[in-house]
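Novice: model the structure of this input:
(2 chains)
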2 protein chains.
Amino acid sequence: METIIAMEFAADRLRLIDQRKLPGTYVFYECLTYEDVEFAIKDMVVRGAPAIGAAAAYGVALAARTYRELEATAFRQKLETALTTLNDARPTAVNLMWAIKRMRAKLAFVNDSAIPSAYQVLKQEADAILAEDIAKSEKLSAFGNGLVPQGATILTHCNTGSLAVPGLGTALGIVKAAHRVGKNISVYADETRPRLQGARLTAWELLQEGIPATLIADSVAATLMRDGKISLVVVGADRIAANGDSANKIGTFMLSVVAQRYKVPFYVAAPVSTIDFACPGGGAIVIEERNADEVTCIEGVRVAPEGIRVYNPAFDVTPAENITAIVTEQGILYPPFSGAISRLSH
Amino acid sequence: METIIAMEFAADRLRLIDQRKLPGTYVFYECLTYEDVEFAIKDMVVRGAPAIGAAAAYGVALAARTYRELEATAFRQKLETALTTLNDARPTAVNLMWAIKRMRAKLAFVNDSAIPSAYQVLKQEADAILAEDIAKSEKLSAFGNGLVPQGATILTHCNTGSLAVPGLGTALGIVKAAHRVGKNISVYADETRPRLQGARLTAWELLQEGIPATLIADSVAATLMRDGKISLVVVGADRIAANGDSANKIGTFMLSVVAQRYKVPFYVAAPVSTIDFACPGGGAIVIEERNADEVTCIEGVRVAPEGIRVYNPAFDVTPAENITAIVTEQGILYPPFSGAISRLSH
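Specialist: Below is the predicted model of the structure:
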C-alpha cells in the first residue's frame, strides 16, 4: 500500500493537497511565498498539527528565498515578520510553534554574509522536519499497533492520517499499521462537525487503504460505545499539556466522557512535538474560535437562519484522567502522565 | 408573542409548513390524500412525534374522503390500508401509533350506512387530537417552566417547538414559557446532525420568539456542561418506555451521559401520548435507520466519498437513570419512573 503524500517541496514551491476540496476534487495548492503558506494554514488547505508545523517550516524557507537579496538588517526584519506571522496563523496546534522555534534557531546560525544561501539552509531544515515527521509517524504507528487487538473495531474522530501528518498519520497511522499487519480491523469514523474532516478526509483515506469503514454522525458514537461495539477509541492531539491534558478537535472530549463511562480504552496518539512541556494543564491551552459560517453554511449553502449567534470552538480539552494511554514515537505513556511526559527526551 | 401554526386543516386539505425548506424558504405543503400525508411524514415535511401523530390522523380523514363513495367492504379495506400505511410511515415515534389507534377506534363506530359522512367524523376526531395536543403542550410547558431558574442557560437538541408539536412545543415549549414570563433565559441550541433540525428549525423558532440563542455543533455541548455554562438540558422524546427509558433524536443519549457526569439536570418533555405503556424498556424500542445520504450529502452536495458505508440511526435511547425528571401535561414525573408512569391516566 502506497502512503499518501500530502505535502512535497520541489522547484522552489510547497505543494499541498488542497484538503478543502477533498473528496470531490484532488488538486494541489502551490505556495510560492510565506504568505501563501499562511493562507493555506488559516484556510485549512493544510491541517493537522504535524502537517501545519512542517508546512510552516517551508514557509520560513520561502521567505528567505523571497528576501534573499536584501541587506542583513532588512532581511532579518522580514524573516522575523514571516516567523511571527506563521507562528500565529493558528493558535492551538503546538507543533506549529515548535517548528517555528526550530526554524528561528536555524536562522540565528546563519551569518549575515551567508544570507544569500539562507534559503538552502532553511529548506534543508524544513526537509529534516518533514523527514523526521515521517519517521516519527511510522514509529508511533508501530507502537500503537501493539494496543490494537485482532479484529478490533476502532472509533476515529477528525482526520489524523497522511493528510494531517507527514507519513502514515498518528491515530489513523495506528489504524493503518494494524490493518497492514492483517489484524482484520474495522473503523467507525466520526464525520466531525463542523468541518467534516472525518467525512471528507478520513473516509477517503480509509477507502484508499481498503480498510472496512463506516461513517457516522458524531453523536452516534455514544450508542456504539454503550452497546459494546467499539474496541477502542484513538484520536490525535493538537497540544498536550505536561500533565497529559490533551487539546484535540472539538468533539474529542465528549467521546472521552462516554468512553470512560462505558470503559472503552481511549488513546491519544501524537509525536512528542505535540507536547507543550511548558503548559501545566489544559486550562492554559488557547482554544481557537473559528468563523460562524463553518456552522451556518455547508458547501456555500446557508443551513441556519440569518442573525443566529454561533459559538464555534475548533478544539476541546480532554482531561488526562479520561485518557488510557498516550502513544508517541518514543513509546506508549501510561498514567500518571506527568511523570511519563517529564521523562521524554525533547 | 404569536405561536407558530405549523399545521392546519381547511378546504379538505392538510397544510403543513414544509420543514425541509426552512429556514431559507417558508412555504406550505398541501396534502389532499393520505398518500400525500404518508410522503410528508416519511420525507420529514412534518416531523416531531406529536406533529406526526396529528398529521397522520388527518391522513386517515383524507382517506375517508377519497373513498367515501365506495361500498362498505371496499371502503373499510381501503381505510385499513391507509391506517396501516400511515402507522408504518415511521417506526419510532409512538404518538403516530397512538393517533392511528384512536382513528381506527373512531372508524369502528361508523356504521356502514354512515360511510358517506365518515370523513366528517374522522376529521372532527383529528381536529380533537390537534386541539388536545395544543392544550397539552400549553400545560406541559407551564409545568416545565417550574423547573427553570431565573436567568437559566438551557441546552436544547433537535427541534421540539411549534414545528414539532402543535402548540408551544414540548422541550422548546418549556423554554418559551420561561421566556414569556420574563425569566431572562438564554439557549444553546445543538445543530443536531444529520438533519440539522437545531440549525434549521430551532434557531429559526428562537429568533421568531426573540429568545437569546447560540447555535453550536453537537459536540460543543460537552465542554459547555463541564465548564458550568449550562443550567439544564431539556429534550423531547419520540417514545418513552414504561420504565422511563426514552428514545429521542440521535445525540440525546450522548448529552445525557455528559450531563450525568457533570451533574447538569436533564429533563425529558413529552405528552403522555409519547409513553408506550406496553414497552417495558428501551431495548424494546425500534430505532429507525434512515438513508445514508442524510450523512453523505448536505443540500444536495456530496461531502463524503462515494463508496463509504454509513450507519445512520435517527434516534437513540437515553436510559431512565440519566433522566432527572419527565415533564408531561399531567405533571412532572420523578424517579423511580416506573411507578410514576403507572399512575398516569391514559
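
Novice: what's near enough to touch residue A:289?
Specialist: Counting by CB atoms under 8 Å, 6 or more residues apart in numbering or on different chains, residue A:289 makes contact with A:311, A:312, A:313, A:314. All C-beta atoms are positioned from the backbone trio N, CA, C, and that covers glycine.

Novice: how about the residues of the stretch 151-300 of chain A near chain B?
Specialist: A:188, A:191, A:193-194, A:196, A:199-200, A:203-204, A:206-207, A:212-223, A:226, A:250-251, A:253-254, A:257-258, A:261, A:295-296, A:298-299 (CB under 8 Å from any CB of the partner chain).

Novice: sitting in strands, which of those do you find?
Specialist: Counted as lying in strands by DSSP state E, out of these, are A:188, A:213, A:214, A:215, A:216, A:298.

Novice: relative to residue A:164, which of these is nearest.
Specialist: Nearest to residue A:164 among these, counting by CB to CB, is residue A:213 at 16.4 Å.

Novice: I figured the closest one was touching residue A:185, is that so?
Specialist: No. Between residue A:213 and residue A:185 there is no contact under CB atoms under 8 Å: 9.8 Å.

Novice: neighbours of the residue of the stretch 101-250 of chain A found nearest chain B, how many?
Specialist: Of all residues in the stretch 101-250 of chain A, residue A:219 sits closest to chain B, at 3.2 Å by CB to the nearest CB. The number of residues packed near residue A:219 is 30, by other CB atoms under 10 Å in any protein chain shown.

Novice: once you drop chain neighbours, what's closest to it?
Specialist: Nearest residue to residue A:219, sequence neighbours excluded (CB to CB, 6 or more residues apart in numbering or on different chains): residue B:251, at 3.2 Å.

Novice: how about residue A:256?
Specialist: residue A:322 (3.8 Å).

Novice: contacting residues for that neighbour?
Specialist: Residue A:322 neighbours (CB under 8 Å, 6+ apart): A:253, A:256, A:257, A:259, A:260, A:266.

Novice: for ChimeraX, what selects the buried ones among those residues?
Specialist: Buried residues among these (16 or more other CB atoms under 10 Å in any protein chain shown), as a ChimeraX selection:
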select /A:253,256,257,259,260,266
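
Novice: by contact count, what packs against the helix or strand harbouring residue A:55?
Specialist: Using DSSP states H and E, residue A:55 falls within helix A:49-66. Based on contacts counted as 3 or more CB pairs under 8 Å, 6 or more residues apart in numbering or on different chains; DSSP states H and E, the elements that helix A:49-66 packs against are strand A:7-10, strand A:13-17, strand A:28-31, helix A:34-42, helix A:72-87, helix A:94-108, helix A:118-145.

Novice: how about these, which one is nearest residue B:67?
Specialist: strand A:13-17 (60.1 Å).

Novice: tell me the strands beside that closest one, with direction?
Specialist: Looking at strand A:13-17 with DSSP bridges, its partner strands are strand A:7-10 (antiparallel), strand A:28-31 (antiparallel).

Novice: that strand: how far from the chain's middle?
Specialist: 17 Å (CA atoms, centre = their mean, to the nearest Å).

Novice: what is the mean pLDDT for that strand?
Specialist: The average pLDDT for strand A:13-17 rounds to 98.

Novice: tell me what angle that strand forms with helix A:49-66.
Specialist: Here strand A:13-17 points in a direction 150 degrees away from that of helix A:49-66 (axes from the mean of the first three to the mean of the last three CA atoms, to 10 degrees).

Novice: residues contacting strand A:13-17, please?
Specialist: A:4, A:6-9, A:26-32, A:36-37, A:40, A:45-46, A:55, A:58-59, A:62, A:163.

Novice: repeat the analysis, applying 10 Å as the threshold.
Specialist: A:4-9, A:26-34, A:36-37, A:40-41, A:45-46, A:51, A:54-55, A:57-59, A:61-62, A:65, A:123, A:126, A:162-163, A:201 (CB atoms under 10 Å, 6 or more residues apart in numbering or on different chains).

Novice: show me where pLDDT drops low in the stretch 1-150 of chain A?
Specialist: A:1 (pLDDT under 70).

Novice: flag every residue of it that's near chain B.
Specialist: A:22, A:23, A:24 (CB under 10 Å from any CB of the partner chain).

Novice: in a strand, the second one, correct?
Specialist: No. With DSSP: H, G, I helix; E, B strand; the rest coil as the criterion, residue A:23 is assigned coil and is not in a strand.

Novice: now residue A:302, nearest residue through space, not along the chain?
Specialist: Nearest to residue A:302 is residue A:296, by CB to CB, 6+ apart, at 6.0 Å.
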